[in-house]
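Enquirer: 3D model of this:
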Amino acid sequence: MAKTSLARDVQDLHLEHLSKSFAGSVAVNDLSLTIPAGSFFALLGPSGCGKTTTLRMVAGLEEPTNGRIKLGTKDITETRPYERKINTVFQSYALFPHMDIYENVAFGLRRRKDVSDLDRRVHDMLALVELDELARRKPGQLSGGQQQRIALARAIINSPDVLLLDEPLGALDLKLRRQMQIELKRIQIETGITFVHVTHDQEEAMTMADTVAVMYAGRIEQMGPPTEIYERPRTAFVANFLGQSNLFEGEIAGRAENDCLAVKVGDSTLKIPADKSKNSSGRIVFGVRPEKMTTEDVDKRRGEYDNYIQGTVLDASFTGVSVQYLVETPWGQELNIFERNVDVRELGRRGEAVDVLWRSKNVFVLDPDSDINDGLEYLGEPVAE
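Expert: This is a model prediction of the structure:
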């Protein structure tokens, strides 16, 4: 998709050893990262992890306790908010109810007395967000999704280098959220502006962002493309917070065939590719995503998989696109298994013995000192439905 005439050269955003404390409590702890110019970057984490504080420091609404903020080579740490080439879109939209849509979008330009060719620029913005035909309506006459797009247009018309998005879709219902995810990504690609999106919603982050940084306790736990973080989490927190995971603790018992390690977990011996583990002996912590596992009648398909555990069905829930099983292992651990609704078959029944099967290539290995319960306390937080 070609970029519009709005696109221009923008600069990388650099956060260098950024910290923020409130009354002795550390909200952001020695955070360093570079957000590439023209990218869609997501800061993802639970409430209280420091992501919104980070955004507010970038916007100039909070003063860092330590560290520097640079846009390209220019240090903007002490630059006033309105002098930074950075705009913010909040969850509340903050539209002026007494002004029509046209005047809401034009407001920033009029305030800066930048009114040359104003009518064309406003209509270009409204066309970008596909609401040009509603230019003379008031905000109260628009849906939540339309109001969010007007807030975006008002922020983008000032040609910022960076657009900060603070939980921008949180007030929308599920259908509108998903529509706006597509719209936000389209607008970011067309304008070439750097988008920094703060959210606790895992689906939002993975759907839109080129790069996701998972924050926890004021630090970056892991950063990278969404597929990399999801498929190869490095910490138990990331594995549990970003989607769901079945995590295991075991002892490496030696080598197995096909360049695998033999790992004892309870009374079972499981296989893990040796190249996924830094260690060849001792404790190992590893995981498998629920959708990489399947269930089957005992002994029926063990030869087709590297790994199996015989367990007992605790629950089976049909969701339409999948069947979600909860299976208890012989050592009392509960496993989640998501099976796609591809073939019509009878659901497993409570108390029934089944095999849980998976392939070793779908295993990810964590630091051996990991606590497999890290992040589980946030499973109750609102996420995408």
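
Enquirer: where's Ser280, which helix or strand?
Expert: Using DSSP states H and E, Ser280 falls within no helix or strand.

Enquirer: and the gap between it and Ile272?
Expert: Separation of Ser280 from Ile272 (C-beta to C-beta, to the nearest Å): 11 Å. The way it works is simple: take the backbone N, C-alpha and C, and place the C-beta from them, glycine included.

Enquirer: Neighbour count: these two, which is higher?
Expert: The residue with more neighbours, out of Ser280 and Ile272, is Ile272; 24 against 11, by other C-beta atoms under 10 Å.

Enquirer: wouldn't that one be in contact with Asn258 here?
Expert: No: using C-beta atoms under 8 Å, Ile272 is not in contact with Asn258; the gap is 10.9 Å.

Enquirer: overlap in contacts of those two?
Expert: Common neighbours of Ile272 and Asn258, using C-beta atoms under 8 Å, 6 or more residues apart in numbering, are Ser360.

Enquirer: burial count for Asp267?
Expert: By the criterion of other C-beta under 10 Å, Asp267 has 10 neighbours.

Enquirer: Quick check, pLDDT for the residue lying closest to it once chain neighbours are set aside.
Expert: Distance criterion C-beta to C-beta, 6 or more residues apart in numbering; nearest residue to Asp267, sequence neighbours excluded, is Pro330 at 6.1 Å. Note for Pro330: predicted pLDDT of 95.

Enquirer: Give the helix, strand or coil label for Pro330.
Expert: The assignment at Pro330 comes out as coil when based on DSSP: H, G, I helix; E, B strand; the rest coil.

Enquirer: Please name the residues that touch it.
Expert: Pro330 touches 266-268, 309-311, counting by C-beta under 8 Å, 6+ apart.

Enquirer: Please spell out the PyMOL selection for the buried subset of these.
Expert: Here is the PyMOL command that selects the buried residues among the contacts of Pro330 (16 or more other C-beta atoms under 10 Å):
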select buried, resi 268+309+310+311
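
Enquirer: now, the most widely separated pair of the contacts of Pro330?
Expert: For those, the farthest-apart pair by C-beta to C-beta is Asp267 and Gly311; their separation is 11.9 Å.

Enquirer: And for Val298, the neighbour number?
Expert: Neighbour count for Val298, taken as other C-beta under 10 Å: 13.

Enquirer: what do you get for Glu133?
Expert: 9.

Enquirer: How far does stretch 297-315 stretch from one end to the other?
Expert: This stretch, stretch 297-315, spans 16 Å end to end (C-alpha to C-alpha, to the nearest Å).

Enquirer: Please name the nearest non-neighbouring residue to Asp9.
Expert: For Asp9, the closest residue by C-beta to C-beta, 6+ apart turns out to be Ala37, at 7.7 Å.

Enquirer: Name the residues of the longest helix along the chain that come out as buried.
Expert: Assignment by DSSP state H gives helix 174-191 as the longest helix of the chain. Within helix 174-191, the residues that count as buried by 16+ other C-beta under 10 Å are 176-178, 180-181, 183-185, 187-191.

Enquirer: Could you do stretch 128-135 as well?
Expert: Buried-residue list, stretch 128-135, by 16+ other C-beta under 10 Å: 128-129, 131-132, 134-135.

Enquirer: same question, stretch 137-156
Expert: For stretch 137-156, burial by neighbour count (16+ other C-beta under 10 Å) applies to 138-139, 142, 145-156.

Enquirer: One more: stretch 159-175?
Expert: Neighbour-count burial for stretch 159-175 [16+ other C-beta under 10 Å]: 159-169, 171-172.

Enquirer: same check, this time on stretch 118-131
Expert: Quick answer for stretch 118-131 (16+ other C-beta under 10 Å): 121-122, 124-126, 128-129, 131.

Enquirer: Only C-alpha atoms, please: export that stretch in CSV.
Expert: Extracted C-alpha coordinates of stretch 118-131, given in CSV (Å, rounded to 0.1, in the frame of the first residue of the first chain):
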residue,chain,number,x,y,z
LEU,A,118,-6.6,24.4,5.5
ASP,A,119,-9.8,23.2,3.8
ARG,A,120,-7.9,20.8,1.6
ARG,A,121,-5.8,19.5,4.5
VAL,A,122,-8.8,18.9,6.7
HIS,A,123,-10.7,17.1,4.0
ASP,A,124,-7.6,15.0,3.2
MET,A,125,-7.6,13.9,6.9
LEU,A,126,-11.2,13.1,6.9
ALA,A,127,-10.8,11.1,3.7
LEU,A,128,-7.9,9.2,5.3
VAL,A,129,-10.2,8.1,8.1
GLU,A,130,-13.0,7.6,5.7
LEU,A,131,-15.4,10.1,7.3
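
Enquirer: How far does that stretch sit from its chain's centre?
Expert: Here the centre of stretch 118-131 is set off from its chain's centre by 30 Å, with C-alpha atoms, centre = their mean, to the nearest Å.

Enquirer: Look at Glu381 and report its pLDDT.
Expert: 48.

Enquirer: er, Gly24 I mean
Expert: The score at Gly24 is 82. That number is its pLDDT.

Enquirer: That one and Ser32, how far apart?
Expert: Distance, Gly24 to Ser32, using C-beta to C-beta: 23 Å.

Enquirer: so is the residue of the chain most remote from its centre in a helix, a strand, or just coil?
Expert: Distance from the centre of the chain peaks at Ser116, with 39.4 Å (C-alpha atoms, centre = their mean). Three-state assignment for Ser116 (three-state DSSP): coil.

Enquirer: before we move on, the earlier item: looking at the buried residues of helix 174-191, which is nearest Arg349?
Expert: Nearest to Arg349 out of those is Arg178 (C-beta to C-beta; 34.3 Å).

Enquirer: what about the residue nearest to Val115 when sequence neighbours are not counted, how many neighbours?
Expert: Distances taken as C-beta to C-beta, 6+ apart put Leu109 closest to Val115, at 6.1 Å, once the chain neighbours are dropped. Using other C-beta under 10 Å, Leu109 has 20 other residues around it.
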